[in-house]
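In: Any chance you could fold what I've pasted below:
(chains A, B and C)
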Amino acid sequence: MPELPDLVRFKKYIDSTSLHQKIKKTHIGDTRILGDISRRAIQRRLKRAQLTATDRYGKFLLVELSGGSHLVLHFGMTGNLTYYVKGKPPPHTRLLVDFENGGHLAYQSQRILGEVGLTEKMENFLRQRKLGPDALDEHFTERDFVDRLSNRRGSLKSALMNQSIIAGIGNVYSDEILFQARLHPGTKLTELSREDLSGIYGIMRWVMKISSQGYGDPDRLPDNFLLPYRNNAGPCPKCNGQLEKTEVSGRTARYCPHCQKWPGG
DNA sequence: CGACAAGCCTGGTAGC
DNA sequence: TGCTACCAGGCTTGTC
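Out: Modelled structure (predicted):
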């Protein structure tokens, strides 16, 4: 499920479990999870280091290491973190960090679609990945948003999910933004005015902010959010009607055909 | 058995 | 015509 609000949770999780402990050893369970870095390089860099701080940018977590460089964690579709003291690593552990005090931090990824890497300079990494502004960045203004989304073709949904336009939003939260904006998921950007986009900016910020405050927990969302209902085919939390699904840019979009209309419709 | 799942990257090409 | 950016397909594993 990892989108921006889940990354907020992962950041808090590392902050509260794993900082300022000396690393004894690092295990790489499956090298396919590594980007363009070797198993040896990552093990050497982590040995005897400490995790000193965390930064989140879009769907990336950058964990600062004593010495200055950063461990890069990306969670793909199925990534997760587990800290434990006793017992065995959880299923699908691809990176395991053993601390000298006996604790362990496991990065799990069932489908190996995420990535573990290293970067010396965070700014260089973000530029390399061609990421747009983080959806919750305070400097990401309404004007920036409208400029980035106007004069494009394609759907609003795929633009919201495009990490080089805005970083942090995926399939689930793009559906939520469209639901709160009462727009059909197939809505094209050419059908929307700059005024429409200004309104969508406010909704996008509100959805991402309130979801992040609840750390991505579906039980900590307002009553009228689509997210907790999207997987069991309804009912719509606003009108009690039947939710439907459709395909937009190769992704499954969940929506309420009664509440969500085409622009002007 | 195939379809599907919340991630991103790539190549071919639709559209300006 | 040329370039951009859009989208289908692929990656991966487990479940229905």
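
In: State which helix of chain A is the longest.
Out: Ranked by number of residues, the top helix in chain A under DSSP state H is helix A:194-213.

In: Measure how far it is from the centre of its chain, please.
Out: Remark: helix A:194-213 is offset 16 Å from the chain centroid, using CA atoms, centre = their mean, to the nearest Å.

In: next one: stretch A:22-34
Out: From the chain centre to the centre of stretch A:22-34 is a distance of 22 Å (CA atoms, centre = their mean).

In: circling back to that earlier point, the longest helix of chain A vs DNA strand C: in contact?
Out: No - Helix A:194-213 lies apart from DNA strand C when judged by CB under 7 Å from any atom of the strand; the minimum separation is 14.1 Å. C-beta here means a position set from N, CA and C on the backbone, and glycine is covered the same way.

In: Toward the C-terminus, what is the element adjacent to that helix?
Out: strand A:244-248 (DSSP states H and E).

In: picking up where we left off before, what does the longest helix of chain A rub up against?
Out: Applying CB atoms under 8 Å, 6 or more residues apart in numbering, the contact partners of helix A:194-213 are A:4-5, A:8, A:135-136, A:142, A:145-146, A:149-150, A:156, A:160, A:166, A:168-169, A:173, A:176-177, A:180-181, A:183, A:192, A:220-222, A:227, A:263.

In: and with 6 Å instead?
Out: The set of residues that contact helix A:194-213 without belonging to it, under CB atoms under 6 Å, 6 or more residues apart in numbering, is A:4-5, A:8, A:135-136, A:142, A:145-146, A:149-150, A:176-177, A:180-181.

In: so which of those residues comes closest to DNA strand C?
Out: DNA strand C has its nearest neighbour among the contacts of helix A:194-213 in residue A:149, at 9.2 Å by CB to the nearest atom of the strand.

In: still on that earlier bit, mind picking the two most distant members of the contacts of helix A:194-213?
Out: The most widely separated members of the contacts of helix A:194-213 are A:8 and A:150, with 28.6 Å between them, by CB to CB.

In: By neighbour count, which of the contacts of helix A:194-213 wins?
Out: Highest neighbour count within the contacts of helix A:194-213, by other CB atoms under 10 Å: residue A:5, with 29 neighbours.

In: wait, that residue sits on residue A:216?
Out: Yes - with contact taken as CB atoms under 6 Å, residue A:5 and residue A:216 are classed as touching, separated by 3.7 Å.

In: Now do residue A:209, the pLDDT please.
Out: pLDDT for residue A:209: 95.

In: count of neighbours near it?
Out: 13.

In: picking up where we left off before, what about the contacts of helix A:194-213, which are in helices?
Out: With DSSP H as the criterion, helices contain A:4, A:5, A:8, A:142, A:145, A:146, A:149, A:176, A:177, A:180 from among the contacts of helix A:194-213.

In: Which residue is the nearest non-sequential neighbour of the third one?
Out: Right, the one you point to is residue A:8. Computed as CB to CB, 6 or more residues apart in numbering, the closest residue to residue A:8 that is not its neighbour in sequence is residue A:212, at 4.5 Å.

In: Quick check: residue A:215 vs DNA strand B, distance?
Out: Using CB to the nearest atom of the strand, to the nearest Å, one obtains 13 Å as the distance from residue A:215 to DNA strand B.

In: give me phi/psi at that residue?
Out: According to degrees, to the nearest 10, the main-chain angles of residue A:215 amount to phi 60, psi 30.

In: State the distance from it to residue A:165.
Out: Distance of residue A:215 to residue A:165, given as CB to CB, to the nearest Å: 25 Å.

In: One more: residue A:43?
Out: Applying CB to CB, one obtains 36 Å for the distance of residue A:43 from residue A:165.

In: Which one's more surrounded, those two?
Out: When neighbours are counted by other CB under 10 Å, residue A:165 comes out ahead of the other of residue A:43 and residue A:165, with 17 against 14.

In: Fine by me, thanks again.
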